[in-house]
Each structure stands twice: as structure tokens, then as C-alpha cells.
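>>> fold the following for me, if possible:
(chains A and B)
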Amino acid sequence: MTSIRMNNNKTFLLSLLFGLTLFFPYQVEAHGIHVQVSQVQPDVIIKAMYHGSKICTNAKVTITFQQDGKESVFTEGNTDKEGIFSFKPDHTGTWTIIVDDEMGHRKKIATEIPTTFFPPAPTTAVQTPEKMAQVTPPSPRMEEQTTTRVQFTERSSWPYIVKIFLGVVLILALSFLFSRWQKKQESRSSRLS
Amino acid sequence: MHISDGILPVSISIAADAAALTLVYAGGKNLKSDEIPKMGVFTAALFIISLINFPILGTSIHLGLYGFAGILFGMRALPIIFVSLLFQCLLFQHGGLLAIGANTLNMGSGALISALIWQLRRINRDFLSFCCGFLGVLVPVFLLSLFFIMAHYGRGMWALITLYLIPAIIEGGITVFIYRFFVKVKPEYFK
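Numbers count the residues shown, from 1 in each chain, chains lettered A, B, ... in the order given. Next up is the predicted model:
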């Protein structure tokens, strides 16, 4: 009778686990914010997303940099409907980007602006008004083309699924080990009594 | 609903950690070996379920099942919630490690309220399970907004409550469904 009950328990637990694995094909996303950074001269463009693929819109963005050992705020703003925010750094070094959706989710990352980010200054030559007139400013269309070239690499969801499996395996293994240890403790105490 | 590190002041986070660990210890005290496998499977279920979003009404929601954890396990739900949050934090950085106490108190409050409600007799069990699922979301949201008020952070209590109201109703409905399923498959859990 007891063995039948134990078998029923095992079948139930196994069917529950099997049921949970059926959820895996669904899109996996939740809670944490993921920030992708792309450096396209003269801008640093960031894209904020919740883990998975949901765009993190209207999140507060704070850009800071180190100055004399202190963190100074360079600029603040919000991500747009695409989850994008951009800023123009004015010097090399480590810049900190903080994205906060003001609902409890926050991501702080650092990005290094190398010296190669800033193009070398053009050789100084005597510019006549005629020559200066020949230099055409970049058209809005060109700027648009530069922006559309920014490609944020989409992350594969596989590492997440692997992590989920890892988490489940670890939790079950720990509970199994803890259960065996507890059983030994119980049998030892019953023998003593 | 997971609070990241750097949002709450360190003093509040440490106080919440101490309170949460005390409650987790109280919840896991005198644990019997035959209870552990069931708790382990439910911990794995909690770990997975809040990582999965369902597209509903143009948005996406995920289940928490904290109310149902309270129905099934009572105080034992606290170590279950703590372990699932710990793994979510370590593997996915969902919620901060220092803020794990605040997160455990938040989610655990939903389970504890549900465990208390479930003790009420002479009330329809389906209705009670709906209330457990519903409050299992809204009570943590209320506590979360209290934490935010203490930290002078966020968009206010109403912003959070309106955000989580529909998911709370859906979770209530799903809790009724899960409760009925468990009553059919494992009625001894509710005796």
C-alpha cells in the first residue's frame, strides 16, 4: 500500500516536472534590464530591453563619468519608444550608464571611450572664405543613414533556456541531497531514542 | 517586481535581509525529510514560472504563484520563495543580492496572507483560492511600494497598483484553475 502511494507521489512529481518543461518553447523574458551599447562617432547609442525582447521604454537614463575621483553627472534623459538613448561624450575614459525604469529594475554598466573614438583634428591650413564655402555640412539624410547603420545584436534565447535548466537541476539536486541528509538525521535520532 | 541592488538604501536592505532570513529560518524549522522533495519541485516551479511571459491584451504578464505557495505550504512557502529568488538572482541577475531580503519579504507577504486567508472556514474554496491568487500579487505590490516610499524612489503606489491589477485578477483566475487541478489529482494536500 505504501509503495503504491510512493509510486503515485513519484508519478505526480514527474508529471508536474514534465508539465513545466512544456513551457520552454514560449518566449522567456522578465524582470531584469539588459543594456546594449553601440559607439557610432560622435554618439554613444544605448538600447535598453527587459530580459528577452520587451523594449524598456521611457526609462530614466543617467550618464556619469569619473572626475577627480568623483562621479559627475554628464547628462540625464529617458529612453524613447524604441528603448534607445544617445549621448555625445566629450572625452576619453570610462563612462557609466545607469538605466532605471523606476519600477524597481535598474542596470548599471560601464563603457570605455577610446582615443580612436575621436577623429584626429584636421591639419590646419589657411582657409579662404571660398574654400570654406566648398566644405558642405553633413546633410540630415547622411545623419539618418549613419543612425540606421547601428545594429544591436539580438541575443539568442538559448543561453536563457540553458540557465533555466541549470537552475532547475541545481534546485532539484539540492533538495534531493538535503532530503537524504535529513532522512539520515531522522533515522539516527530514532535509533538513539 | 524584483528590486535591483542600488535602489533601496543599504540600511533598509540589510534590515530587510535580517527580517527575511529570520522568517525563512522560522518557515524551514523542523522540516521533515518527506516534505523536502515536494518543496524542491515547487521551488523549481516558482523559479521557472516567473521567467515565462504570456502575451495577453497587448502586453505580457508572468505568473508568480505566491498565493498558491501559501495555500499549499503555509509558512514553509518562505524558504521556497527565498531559494527560487536566490537562483533567479544568481543566474539571471533578476533582483539584487543585497535586496534579496526585501524581495523575499515582498513575495513572501503574498504567500503568508494567502496562508492566513486559507484558514477561513465556511467560505467557498474556489472563491478563497481566487482571493489568494489575487492578494498573492497585490500584497507584494503594496509592500514593494512601501519600500519605494521609504527609499524616495519610483512613480508612486498607484502607478504600481494599476500596473499589477490586471495580472492580479488573471493570477486569481489561474490559481482557481490550479487549485481545482490539485484537488482532483492530489486531494490529500488540502486535508
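>>> ok, residue 93 - contacts?
Defaulting to chain A. Listed by C-beta atoms under 8 Å, 6 or more residues apart in numbering or on different chains, the contact set of A:Gly93 reads A:65-66, A:112-113. Every residue, glycine included, has its C-beta placed from N, CA and C.
>>> my question was about chain B, not that one.
With C-beta under 8 Å, 6+ apart, B:Gln93 has these contacts: A:Gly32.
>>> wait, isn't A:Gly167 in contact with B:Ala45?
No: A:Gly167 is beyond contact range of B:Ala45, at 11.5 Å (criterion: C-beta atoms under 8 Å).
>>> for chain B, what's the nearest residue on chain A?
Chain B sits closest to A:Ser175 of chain A, with a gap of 2.5 Å, by C-beta to the nearest C-beta.
>>> my read is that residue is in a strand, agree?
No: the assignment for A:Ser175, made by DSSP: H, G, I helix; E, B strand; the rest coil, is helix rather than a strand.
>>> so what's the residue count around the nearest residue to it once chain neighbours are set aside?
Nearest non-adjacent residue to A:Ser175, counting by C-beta to C-beta, 6 or more residues apart in numbering or on different chains: B:Gly40, 2.5 Å away. Using other C-beta atoms under 10 Å in any protein chain shown, B:Gly40 has 23 other residues around it.
>>> repeat for B:Val176
The tally of other residues near B:Val176 (other C-beta under 10 Å) stands at 19.
>>> for the helix or strand harbouring it, name the packing helices and strands.
According to DSSP states H and E, B:Val176 maps onto helix B:157-185. Packing partners of helix B:157-185 (3 or more C-beta pairs under 8 Å, 6 or more residues apart in numbering or on different chains; DSSP states H and E): strand B:59-62, helix B:66-73, helix B:125-150.
>>> so can I have a markdown table of the ones you listed showing mean neighbour count and mean pLDDT?
Below are the helices and strands packed on helix B:157-185 laid out as a markdown table (neighbours: other C-beta atoms under 10 Å in any protein chain shown; pLDDT from 0 to 100):
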| stretch | mean neighbour count | mean pLDDT |
| --- | --- | --- |
| strand B:59-62 | 16 | 64 |
| helix B:66-73 | 29 | 93 |
| helix B:125-150 | 21 | 92 |
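>>> tell me how far whichever residue of chain B sits closest to chain A lies from A:Lys184.
Chain B approaches chain A most closely through B:Gly40 (2.5 Å), counting by C-beta to the nearest C-beta. Between B:Gly40 and A:Lys184 the distance is 17 Å, computed by C-beta to C-beta, to the nearest Å.
>>> mind showing which ranges of chain A have poor pLDDT?
For chain A, the stretches with pLDDT under 70 are A:1-31, A:51-53, A:121-158.
>>> would you map the strands across it?
Listed in chain order, the strands of chain A (DSSP state E) span A:30-40, A:43-51, A:60-67, A:70-78, A:84-87, A:93-100, A:106-113.
>>> could I get those strands as TSV with distance to B:Lys32?
As requested, the strands of chain A are exported to TSV (distance: least, C-beta to C-beta, whole Å):
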stretch	distance to B:Lys32
strand A:30-40	33
strand A:43-51	37
strand A:60-67	48
strand A:70-78	52
strand A:84-87	53
strand A:93-100	44
strand A:106-113	40
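>>> B:Pro187 is nearest to which of the ones you listed?
Proximity to B:Pro187 (C-beta to C-beta) singles out strand A:30-40 among those, at 32.7 Å.
>>> same for that closest one, what does it pack against?
Using 3+ C-beta pairs under 8 Å, 6+ apart, strand A:30-40 sits against strand A:43-51, strand A:93-100, strand A:106-113, helix B:77-92.
>>> could you identify which of these is most buried?
Greatest average neighbour count among these goes to helix B:77-92 (a mean of 24), per mean count of other C-beta atoms under 10 Å in any protein chain shown.
>>> next SSE after it?
Scanning forward in sequence from helix B:77-92 by DSSP H and E, the next helix or strand is helix B:100-118.
>>> in that next one, what counts as buried?
B:100-115, B:117-118 (16 or more other C-beta atoms under 10 Å in any protein chain shown).
>>> quick one: the residue nearest to A:Ser175 from B:Ile48, how far?
From B:Gly40 to B:Ile48 the distance is 13 Å (C-beta to C-beta).
>>> do B:Asn124 as well
Separation of B:Asn124 from B:Ile48 (C-beta to C-beta): 30 Å.
>>> what's the answer for A:Phe65, then?
A:Phe65 is 40 Å from B:Ile48, by C-beta to C-beta.
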